[in-house]
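predicted structure and sequence below. I'll ask about it afterward.
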Amino acid sequence: METIWIKNPLAIYTGNTQDAQGGIVVKGNQIIELIAQHQTPSHTIDYVVDASQHVITPGLINAHHHFYQTLTRAYPDALNKELFHWLTSLYPVWANLDEEMMSVATELALVELMLSGCTTASDHHYLLPNGLEHAIDLQVETAQQLGVRAIFTRGSMSLGEDEGGLPPRHTIQTEQAIVDDSQRLIRQYHQHHEGAMTQIALAPCSPFSVTTDLMKETARIASQENVMMHTHLCETLDEEDFCVERFGLRPVDYLEDVGWLNDRTWLAHGIHFNSEEIGRLGKAGVGVSHCPTSNMMLASGICKNNELEAAGVKVGLGVDGSASNDGSNMIAEVRMAMYLQRLRYGSANVSHFDALRWATKGSAQAMGRSDIGELAIGKQADIAMFKLDDIRFSGSHDPLAALLLCGAQQADRVMVAGHWRVLNGEVIGVDIRQLIERHKRAASRLAKKALGE
Ligand SMILES: [Zn+2]
């Protein structure tokens with residue numbers, strides 16, 4: 001096992017108060033030492049990486065995404081619509097997904113994320129119709145090949161259009177099939193140990209796509225198998241109306257009713273909570289993944305990050321699906337989070353440190369992980385390194401602030417569990433031109449199938 005000193009960074013954000021201006025020492029998959037300014041390591045070093053041109057952060061952690069949606073970016077029928085109409089325009093297209101499309105979409109999204117400094121990505125996949133029952137198995141295989149840490153959330157939809165749901169009938173599954181497959185995936189892939197590279201969480205798509213019974217059964221299985229739970233909640237006001245109409249309850253009351261108001265749960269979006277609900281979510285230890293670009297694109301609203309954090313909610317960051325972003329760039333998303341939250345709270349109350357915290361420790365905690373999200377002794381060696389040599393940074397002074405203010409787009413180096421996965425701005429082992437060609441072909445095949453061609 002080699003011992004690596006990532007030496008004397010231009011700037012470093014550790015996520016804690018320890019001085020690491022002299023750099024980080026990594027051995028195996030862990031960080032074993034932080035070096036204070038002008039100090040040298042106490043360990044014997046095998047090789048040194050000169051970081052004098054790099055801004056270092058913990059590997060960024062994406063807490064919400066739908067990888068398959070990279071195939072329907074800027075889709076004509078879905079432009080300029082809000083969530084429900086956007087969804088009903090895209091479901092018939094997505095219903096034509098096949099295994100090859102799923103694999104290449106997952107690979108492209110993960111590569112795009114890694115290039116932007118992401119070391120842990122969660123994906124929420126809920127389309128598993130006949131012929132695509134193994135979508136998540138394919139995703140696990142792809143992430144393992146790339147060497148990226150991943151949390152696959154087994155999505156589900158059991159309430160079709162004919163029962164008052166949004167998805168077309170042939171895209172949904174029976175509840176028994178969902179339950180059986182959830183248990184199979186957990187047993188086959190979920191790693192409970194510290195440093196886990198592959199995890200499974202259970203994730204009904206939203207309260208308007210599954211039944212009450214399935215929500216309750218999901219909570220029961222998650223507790224029995226000791227895994228996390230995830231769903232979309234309070235993304236739009238339409239959804240709140242739907243919940244009140246169908247269940248006679250506001251979304252947070254419904255969550256409590258079905259056994260989800262606890263620290264196993266992290267929610268995507270979480271925009272439309274009142275202050276009483278925020279207090280309850282905080283007390284319960286629920287997590288929320290803020291998804292700023294998607295929220296702006298679909299005009300869903302602005303999440304109350306500061307109030308949520310003050311109440312004890314674990315606030316993380318996600319890029320959301322690539323049909324409502326329409327990118328998968330984590331460092332760009334951190335900037336969006338900072339700016340969108342400033343619109344709500346003012347510039348003095350939202351700093352680049354806040355936004356970086358959401359994208360690192362916040363996302364980790366929201367997804368039940370304490371071994372990632374921070375540069376500290378004993379934590380996993382998940383590290384993002386950015387160079388400020390692009391034209392956009394010229395003339396900048398504070399390197400860490402410049403990372404967000406000048407709008408960094410790409411990491412120069414990324415380490416996951418002690419292994420370099422990105423070097424010189426390229427994912428090792430991936431021919432990006434060829435990947436883009438394969439992905440473009442899959443996207444056009446999907447659009448043609450949707451048109452019945
Ligand atoms: Zn989503």
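Perfect, I can see it now.

for the ion, what's its nearest residue on the stretch 101-250 of the chain.
Distances between the stretch 101-250 of the chain and the ion by Cβ to the ion are smallest at residue 232, namely 5.5 Å. The C-beta positions use only the backbone N, C-alpha and C, and glycine is treated the same way.

any idea which element that residue lies in?
Per DSSP states H and E: residue 232 is located in strand 229-233.

just the mean pLDDT for the next helix or strand after that strand, thanks.
Downstream of strand 229-233, the next assigned helix or strand under DSSP H and E is helix 237-247. Mean pLDDT, helix 237-247: 88.

now check helix 237-247, is it near the ion?
No: using Cβ under 5 Å from the ion, helix 237-247 never reaches the ion; the gap is at least 12.0 Å.

give the other helices and strands that that helix contacts.
Contact here means 3 or more Cβ pairs under 8 Å, 6 or more residues apart in numbering; DSSP states H and E; on that basis helix 237-247 packs against helix 83-94, helix 251-257.

go again with 10 Å.
Under the contact criterion of 3 or more Cβ pairs under 10 Å, 6 or more residues apart in numbering; DSSP states H and E, helix 237-247 touches helix 83-94, strand 229-233, helix 251-257.

now it: buried residues?
For helix 237-247, the neighbour count (16 or more other Cβ atoms under 10 Å) marks 239, 240, 242, 243 as buried.

now do stretch 378-391
For stretch 378-391, burial by neighbour count (16+ other Cβ under 10 Å) applies to 379, 380, 381, 382, 383, 384, 385, 386, 387, 388.

could I get the worst-scoring helix or strand of the chain on mean pLDDT in CSV with only the CA atoms?
Ranked by mean pLDDT, DSSP states H and E, the weakest helix or strand in the chain is helix 237-247, scoring a mean of 88. Below are the C-alpha coordinates for helix 237-247, written out as CSV (Å, rounded to 0.1, in the frame of the first residue of the first chain):
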residue,chain,number,x,y,z
LEU,A,237,-47.5,23.1,-4.9
ASP,A,238,-49.4,20.8,-7.3
GLU,A,239,-48.0,17.8,-5.3
GLU,A,240,-49.3,19.3,-2.0
ASP,A,241,-52.8,19.7,-3.5
PHE,A,242,-52.6,16.1,-4.8
CYS,A,243,-51.7,14.8,-1.4
VAL,A,244,-54.4,16.8,0.4
GLU,A,245,-57.0,15.7,-2.1
ARG,A,246,-56.0,12.0,-2.2
PHE,A,247,-55.0,11.3,1.4
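
other residues contacting it?
82-85, 159, 164-166, 206-208, 212, 232-234, 236, 249-255, 257-258, 269, 271-273, 300-301 (Cβ atoms under 10 Å, 6 or more residues apart in numbering).

just the buried ones from the residues you listed?
Buried by 16+ other Cβ under 10 Å: 83, 159, 165-166, 206-208, 232-234, 236, 250-255, 258, 269, 271-273, 300-301, out of the contacts of helix 237-247.

wouldn't residue 301 be in contact with residue 295 here?
Yes: assessed by Cβ atoms under 10 Å, residue 301 is found in contact with residue 295 at 6.3 Å.

find residues that contact each of the two.
In contact with both residue 301 and residue 295: 235, 236, 269, 271, using Cβ under 10 Å, 6+ apart.

closest one to residue 110 out of those, please.
Set against residue 110, the nearest of the shared contacts of residue 301 and residue 295 by Cβ to Cβ is residue 269 (22.2 Å).

domain parsing for this protein?
Following the TED database, one finds the domains of the chain at 3-58+373-426, 60-366.

now render the ones you listed as JSON lines, adding distance to residue 437.
Converted to JSON lines, the domains of the chain look like this (distance: least, Cβ to Cβ, whole Å):
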{"stretch": "domain 3-58+373-426", "distance to residue 437": "17"}
{"stretch": "domain 60-366", "distance to residue 437": "10"}
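
so which of those is the most surrounded?
Highest mean neighbour count among these (mean count of other Cβ atoms under 10 Å): domain 60-366, with a mean of 21.

end to end on that one, go ahead and measure it.
Across domain 60-366, the terminal residues are separated by 13 Å (Cα to Cα, to the nearest Å).

for the residue nearest to residue 72 when sequence neighbours are not counted, give me its contacts.
Excluding its sequence neighbours, the residue lying closest to residue 72 (Cβ to Cβ, 6 or more residues apart in numbering) is residue 323, at 4.7 Å. Contacts for residue 323 were tallied using Cβ under 10 Å, 6+ apart; they are 66, 68-75, 78, 86-87, 89-90, 93-94, 294, 297-298.

what mean pLDDT does stretch 136-156 have?
For stretch 136-156, mean pLDDT is 98.

wait, does that stretch contact the ion?
No: judged by Cβ under 5 Å from the ion, stretch 136-156 and the ion are separated, with a smallest distance of 9.6 Å.

how about the residue nearest to the residue of the stretch 101-250 of the chain closest to the ion when sequence neighbours are not counted, what does it touch?
Nearest residue to residue 232 in three dimensions, chain neighbours excluded: residue 206, at 4.2 Å (Cβ to Cβ, 6+ apart). Residue 206 is in contact with 83, 87, 126, 155, 157, 159, 165-166, 231-233, 235, 239, 242-243, 251, 267-269, counting by Cβ under 10 Å, 6+ apart.

from residue 451, how far off is residue 206?
27 Å (Cβ to Cβ, to the nearest Å).

again with residue 430
Using Cβ to Cβ, residue 430 is found at 31 Å from residue 451.

and residue 50, by the same measure?
Distance, residue 50 to residue 451, using Cβ to Cβ: 53 Å.

do residue 384 as well
Going from residue 384 to residue 451 by Cβ to Cβ gives 40 Å.

try residue 294
26 Å.

equivalent analysis for residue 394, please.
46 Å.

angle of the helix ranked longest in the chain against helix 83-94?
Ranked by number of residues, the top helix in the chain under DSSP state H is helix 432-450. Helix 432-450 runs at 100 degrees relative to helix 83-94, counting by axes from the mean of the first three to the mean of the last three Cα atoms, to 10 degrees.

enumerate the positions of helix 432-450 that are buried.
Buried, per 16+ other Cβ under 10 Å, within helix 432-450: 435, 438, 439, 442, 443, 445, 446, 447, 450.

send me that helix as CSV with only the CA atoms.
Extracted in CSV, the C-alpha atoms of helix 432-450 (Å, rounded to 0.1, in the frame of the first residue of the first chain):
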residue,chain,number,x,y,z
ILE,A,432,-14.9,10.1,-23.9
ARG,A,433,-15.4,10.7,-27.7
GLN,A,434,-16.5,7.1,-28.2
LEU,A,435,-18.8,7.3,-25.1
ILE,A,436,-20.5,10.4,-26.4
GLU,A,437,-21.1,8.8,-29.8
ARG,A,438,-22.6,5.7,-28.2
HIS,A,439,-24.8,7.9,-25.9
LYS,A,440,-26.0,10.1,-28.8
ARG,A,441,-27.0,7.0,-30.8
ALA,A,442,-29.0,5.7,-27.8
ALA,A,443,-30.7,9.1,-27.3
SER,A,444,-31.8,9.3,-30.9
ARG,A,445,-32.9,5.6,-30.9
LEU,A,446,-35.1,6.4,-27.8
ALA,A,447,-36.6,9.5,-29.5
LYS,A,448,-37.4,7.5,-32.7
LYS,A,449,-39.0,4.6,-30.7
ALA,A,450,-41.1,7.2,-28.9
